[in-house]
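1. this is a predicted model, with the sequence first.
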Amino acid sequence: MAKKRVTKTAKKTVKKTVKKTVKKTVKQPAKKRAATQDSKRRGPRSASERVAGLLVLLPWLMKRKRVRLAEVAKQFRMSEADLVADLQMAAVCGVPPYTPDALIDVFIDDGWVVAEIPTFFSRPLRLTSAEMYAIVAMVRAAQKLPGAPSRSVLTQAVVKLARLAPDATDAPLHIDLPDAPYLEELRTAENDLAELRIEYFNPARSEVAQRTIRVMRIFSDHGHWYVMADDDKSGTIRNFRVDRIQSLVRTGKIYNQADVASRINDDDDRGWFGDNLELVTLRVRDDAAWIAEAYPTVSRTHNRDGSTDVSLRITSEHWLARLLLRGGRNVAVLTPEKYVSLAARTAKAVRSKYD
Amino acid sequence: MGSPVVKKTEKINAAERMLNLLALLSARSQPITLKQIRAELLNQYSEDNEAARAQFERDKSDLRKLGIPIDMLTLGGAQAGETAYRVNRNNYELTDMGFTDEELRALQVAAATVRLGAQEGEQALWKLGAERVNPKLGPRASIGFSDPHLGTILDAISKRAAVTFIYKGETRSVDAYGMLARKGFWYVVGFDHLRKAQRVFRVDRIESGVSVGKAKSYTMPKNLDIVKAVPTDRQMMAAGDYEHPTAQVRIDASLVHIVTSDFGAGAIVRSEPDGAAIFEIPCSNGYAFRLWLFAMVDKAEVVAPDDVRELAMRWLDELAAGV
């Protein structure tokens, strides 16, 4: 009886509190609003998308019972307005006669999403085969990461997943992560907040230079390990390719984690590389087509003659020269004009070594 | 009792109707007809029979696409010939996996440290009751799992069903044995019926959809090492028919470290006083050799044999002349 009263009371507050929250969201300063909207794509969501989202969201909420609205929006990469709209809709769904105890029990109370009584949709949907493979791929890659914690615990988790889909968990799906020297040293330096002095080959300048770095993140992408670090030489955050580090020692200085942590945003969908670099457009064809596949591109346009126009960001003129030399006659610079003759100039310079 | 708290008389959106339909079909112990559904979901479907049927079929199809099986039964007796619908929650709900908190935390960390570039990983995590977290420390990897062919091919492998697709302009039918993620790309290794031999295909180069054949149509070879079956860049340089299998290349001191880590100290023919070194490098595959050589721009120079040195000079001359 008491339970029912709680439900009814809660229901009465649904529309009022939801409306309040919507108002609050709209009134947010532009900056905050942009932050909460996260990376969610724009445009109206289809009915099917909304239902699919709710069938994942509702059991997740019911397991937790009370979660801050802002946290839920961030977790599910939704704007607060979309989230409130979906919860508002869910709160009036259920079965006839649509009395409080026949409705989905979810409401918003002063910035909290409350889903304490599992009426409907308290269990999640089964994993699709794509989701199962994704999680298996994720676990297998994670188990190969240097210093990965809980390898045995992950294995136990996969054993439990195998009860659902033994074929998927046994899938011959292999992850080949690259090797690189100094990975372990970098990892422990990150852990110990130890400043490092490295000798680094800079392909952009084709020289080896000493740098003092503070490790912010270590990551592998497209077959190479990188360390994102605060670099004393440039005074900026830079990505260093780990296999280009020629020596590494600790300086003995310990840095404050908050200093570096505040400078990176972990919760974004952008790549791990910056976007403030010079943009070039290349026309690639035939055996230089790999250029369009090997590097992150801003745009790709396929032409009728089989060539592809690729826009990508470059780190330096030297880096572009190297790319053009490798691509040979099947790559040409379209823009900017200053790089149109770069391939020929570079080839001449390299050729002079053979004289 | 009896009078509904929420009268569904206002125009209702399709998402709300779908949720109500699913709740209704899941809650009823007996299958119900569309007529009964419309009576229960008062005013939620169109009053026009044809339009209501179209709306219902769309809802049903969308729910099925979400992984919710809707059983259809043809009734007898007084309702003979009518179709009734039922949803058994046990057929679409995830059973309690019994994950410990420690296991869920480990999955969360795994998800946070491995970037898939696809939403399936997060979806799976949420369904398992875990959440997206941001570990502050530790190495992370990006392996890319967004190609829709991946799930199809993996499914086919698990069923031992051949896959057919267009690759380099030809239709290939492949008994797929396994998949490998390397350097940002996914490869599928399998027996290619066109070439009648084992071949490797890069998944992002598949030029068509992937169709899946009959299950249990082949057996897996024993002791196949999928990782070794996909040639590395270094192996690619040795896989060709150029008359010279290797070339000696002078590497500038600044790059000796990197080339040694790629080819091993055994590839060094001799070291020079300025720190440079001469390496013996495979060059049977001229294309792969060129890519490797010019990646070092002016820090690498072919010194022998003369034929390979002249070839490198010719490549440079052509490019310098803007040919």
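-> Okay, I see it. Numbers count the residues shown, from 1 in each chain, chains lettered A, B, ... in the order given.
2. quick one: contacts for B:Asp307?
-> With contact set as C-beta atoms under 8 Å, 6 or more residues apart in numbering or on different chains, B:Asp307 has these partners: B:243-244. (Glycine included, C-beta is placed from N, CA and C.)
3. phi, psi of it?
-> Main-chain dihedrals, B:Asp307, degrees, to the nearest 10: phi -60, psi -40.
4. how near is it to chain A?
-> Distance check for B:Asp307 against chain A: by C-beta to the nearest C-beta, to the nearest Å, it reads 14 Å.
5. so where's the longest strand in the chain?
-> No chain was given, so I picked chain A. In terms of residue count, the longest strand belonging to chain A (DSSP state E) is strand A:207-221.
6. was after chain B, sorry
-> strand B:170-182.
7. any part of that strand near chain A?
-> Yes: counting by C-beta under 8 Å from any C-beta of the partner chain, chain A has neighbours in strand B:170-182: B:177-182.
8. how about stretch B:222-235?
-> Yes: using C-beta under 8 Å from any C-beta, stretch B:222-235 comes into contact with chain A via B:226-227, B:230.
9. among these, who's most crowded?
-> Each of the residues of stretch B:222-235 next to chain A was scored for neighbours by other C-beta atoms under 10 Å in any protein chain shown, and B:Val230 scores highest at 22 neighbours.
10. which residues sit in contact with it?
-> So B:Val230 contacts A:176, B:180, B:182, B:187, B:189, B:200 (C-beta under 8 Å, 6+ apart).
11. again, but for B:Phe191
-> By C-beta under 8 Å, 6+ apart, the contact list for B:Phe191 reads B:174-175, B:177, B:197-199, B:218.
12. that one: which element?
-> Taking DSSP states H and E as the definition, B:Phe191 sits inside strand B:185-192.
13. now that strand, how far from the chain's geometric center?
-> Going by C-alpha atoms, centre = their mean, to the nearest Å, the spacing between the C-alpha centre of strand B:185-192 and its chain's C-alpha centre is 12 Å.
14. following element in sequence after that strand, please.
-> strand B:197-202.
15. is chain B within reach of stretch A:86-105?
-> Yes: using C-beta under 8 Å from any C-beta, we find that stretch A:86-105 touches chain B at A:89-90, A:92-100, A:103-104.
16. can you check stretch A:135-144 too?
-> Yes: applying C-beta under 8 Å from any C-beta, one finds stretch A:135-144 touching chain B at A:135, A:137-139, A:141-144.
17. would you map the strands across the stretch 201-323 of chain B?
-> With DSSP state E, counting those that start in this stretch as the criterion, the stretch 201-323 of chain B has strands at B:211-212, B:246-251, B:268-271, B:277-282, B:300-304.
18. for chain A, find the nearest of the ones you listed.
-> Checking these against chain A by C-beta to the nearest C-beta gives strand B:300-304 as the closest, at 5.3 Å.
19. point out where the chain drops to low pLDDT.
-> Using chain A. Within chain A, the segments meeting pLDDT under 70 span A:1-43, A:149-150, A:204, A:259-276.
20. wait, I meant chain B there
-> By pLDDT under 70, the low-scoring segments of chain B are B:1-11, B:136, B:323.
21. show me where it has helices.
-> Here chain B has its helices, by DSSP state H, at B:14-27, B:34-40, B:49-65, B:101-113, B:120-127, B:148-159, B:226-229, B:233-238, B:253-263, B:286-294, B:306-320.
22. that older thread, so what are the sheet partners of the longest strand of chain A and their directions?
-> Applying DSSP bridges, strand A:207-221 is found paired with strand A:194-202 (antiparallel), strand A:224-231 (antiparallel), strand B:140-142 (parallel).
23. can you pull the contacts of B:Ile166?
-> Shown in contact with B:Ile166 (C-beta under 8 Å, 6+ apart): B:172, B:206-208.
24. tally of neighbours for B:Leu94?
-> 15.
25. one more: A:Leu312?
-> Neighbour count of A:Leu312, defined by other C-beta under 10 Å: 21.
26. next, the buried residues of the longest strand of chain A.
-> A:208, A:211, A:213-221 (16 or more other C-beta atoms under 10 Å in any protein chain shown).
27. measure B:Ala162 to B:Ala106 for me?
-> Going from B:Ala162 to B:Ala106 by C-beta to C-beta, to the nearest Å gives 36 Å.
28. of the two, who's got more company?
-> Between B:Ala162 and B:Ala106, B:Ala106 has the larger neighbour count (other C-beta under 10 Å), namely 25 against 21.
29. for the stretch 151-300 of chain A, just list every one of the strands.
-> Remark: strands assigned in the stretch 151-300 of chain A by DSSP E, counting those that start in this stretch are A:173-176, A:194-202, A:207-221, A:224-231, A:236-241, A:245-254, A:278-284, A:297-302.
30. could I get the buried residue list for the last one?
-> Yep, that's strand A:297-302 we're talking about. Buried, per 16+ other C-beta under 10 Å, within strand A:297-302: A:Thr297.
31. residue contacts, residue 167?
-> No chain in the question, so chain A it is. Shown in contact with A:Asp167 (C-beta under 8 Å, 6+ apart): B:158-159.
32. my question was about chain B, not that one.
-> B:Tyr167 sits next to B:201, B:205-207 when contact means C-beta under 8 Å, 6+ apart.
33. ok, back up a step: give me the buried entries from the contacts of B:Val230.
-> Neighbour-count burial (16+ other C-beta under 10 Å) applied to the contacts of B:Val230 gives A:176, B:180, B:182, B:187, B:189.
34. quick one: the last one from chain A, how far?
-> According to C-beta to the nearest C-beta, B:Val189 and chain A sit 9 Å apart.
35. residues from the stretch 201-323 of chain B in reach of chain A?
-> So far as C-beta under 8 Å from any C-beta goes, the stretch 201-323 of chain B lies against chain A at B:204, B:220, B:226-227, B:230, B:254-255, B:257-258, B:261, B:287, B:290-291, B:294-295, B:297-299, B:301, B:309, B:312-313, B:315-323.
36. out of the residues you listed, which are buried?
-> Among these, those classed as buried by 16+ other C-beta under 10 Å are B:226, B:230, B:254-255, B:257-258, B:290-291, B:294-295, B:297-299, B:301, B:309, B:312-313, B:315-316, B:319-320.
37. okay, domains of the chain per the record?
-> I went with chain A, as the question did not name one. Domain assignment for chain A by automatic domain parsing gives A:2-114, A:129-169, A:183-261, A:278-354.
38. try chain B instead
-> Split by automatic domain parsing, chain B gives B:14-91, B:101-142, B:148-230, B:235-320.
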